[in-house]
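>>> Below is the structure, and that's it, no one-letter string:
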């Protein structure tokens with residue numbers, strides 16, 4: 001069961017990587033169009049987009065490593081970093097949506113660009129939940145496995161004590 005959870009996690013990582021890569025690319029284009037001046041909106045957007053992209057680059061490399069070397073540790077590390085990258089990307093997308101509702105942007109942002117940001121935000125939200133759920137499923141399965149191991153060890157120890165009593169009698 002745990003191996004199946006890790007295999008599912010790899011699928012979620014690949015999907016998350018693809019969606020995050022697209023969102024980061026879209027954010028770069030949005031930056032060129034609307035956040036290239038020196039106002040506070042632009043400074044904040046550029047900083048957040050850069051942090052999201054930097055974190056995603058690391059998460060993407062860890063995902064590639066976990067695909068080529070499918071250890072539980074590699075997958076756990078990739079899931080953790082992808083979770084952070086998705087969270088940061090979501091924050092930038094939300095910041096863009098909020099900025100676009102400001103009167104200084106309202107007239108200049110195309111409906112297509114607003115739709116792109118909204119669509120990316122929805123897709124990032126979905127893959128974020130997939131990654132989070134995958135982490136939870138893995139953690140729950142590890143707990144279940146440990147409980148099963150403990151139960152088996154207790155049953156074995158009890159059987160050993162019962163056997164020793166019979167042999168001694």
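Perfect, thanks for sending it. As the structure is a computational prediction, the values presented were derived from the model and not from experiment.
>>> doesn't residue 16 make contact with residue 86?
Yes - judged on Cβ atoms under 8 Å, residue 86 makes contact with residue 16 at a distance of 6.1 Å. From N, CA and C alone the C-beta is placed, and that goes for glycine too.
>>> list residues touching both of the two?
127-128, 131 (Cβ atoms under 8 Å, 6 or more residues apart in numbering).
>>> List the contacts of the residue nearest in space to the middle of the chain.
Most central in the chain under Cα atoms, centre = their mean is residue 83, positioned 2.6 Å from the mean C-alpha point. Each residue near residue 83 by Cβ under 8 Å, 6+ apart is listed here: 128, 131-132, 135.
>>> mind redoing it with 6 Å?
When contacts are counted by Cβ atoms under 6 Å, 6 or more residues apart in numbering, residue 83 touches residue 131.
>>> From residue 45, how far out is it?
Separation of residue 83 from residue 45 (Cβ to Cβ, to the nearest Å): 22 Å.
>>> Show me the contact partners of stretch 41-51.
Under Cβ under 6 Å, 6+ apart, the answer for stretch 41-51 is 27, 31, 35, 88, 92, 95, 99.
>>> Which members of these occur in helices, if any?
Using DSSP state H, the members of those that fall within helices are 27, 31, 88, 92, 95, 99.
>>> Break down this structure into its helices, ranges please.
Along the chain, counting by DSSP H, helices occupy 2-34, 40-68, 72-100, 103-106, 111-168.
>>> what's the angle between the second one and helix 2-34?
Think helix 40-68. 150 degrees (axes from the mean of the first three to the mean of the last three Cα atoms, to 10 degrees).
>>> what angle separates helix 40-68 from helix 111-168?
Using the same axes, to 10 degrees: helix 40-68 against helix 111-168 is 40 degrees.
>>> any idea how far stretch 75-94 is from the chain center?
Stretch 75-94 sits 4 Å away from the centroid of its parent chain (Cα atoms, centre = their mean, to the nearest Å).
>>> per-residue confidence averaged over it?
Average pLDDT, stretch 75-94: 97.
>>> quick one: buried residues of it?
By neighbour count on 16 or more other Cβ atoms under 10 Å, the buried set for stretch 75-94 is 75-79, 81-86, 88-90, 92-93.
>>> for this structure, what are the low-confidence residue spans?
105-106 (pLDDT under 70).
>>> returning to that earlier point: can you tell me which of the shared contacts of residue 86 and residue 16 is nearest residue 62?
residue 131 (12.3 Å; Cβ to Cβ).
>>> count of residues packed around the closest one?
Residue 131 has 26 neighbours, counted by other Cβ atoms under 10 Å.
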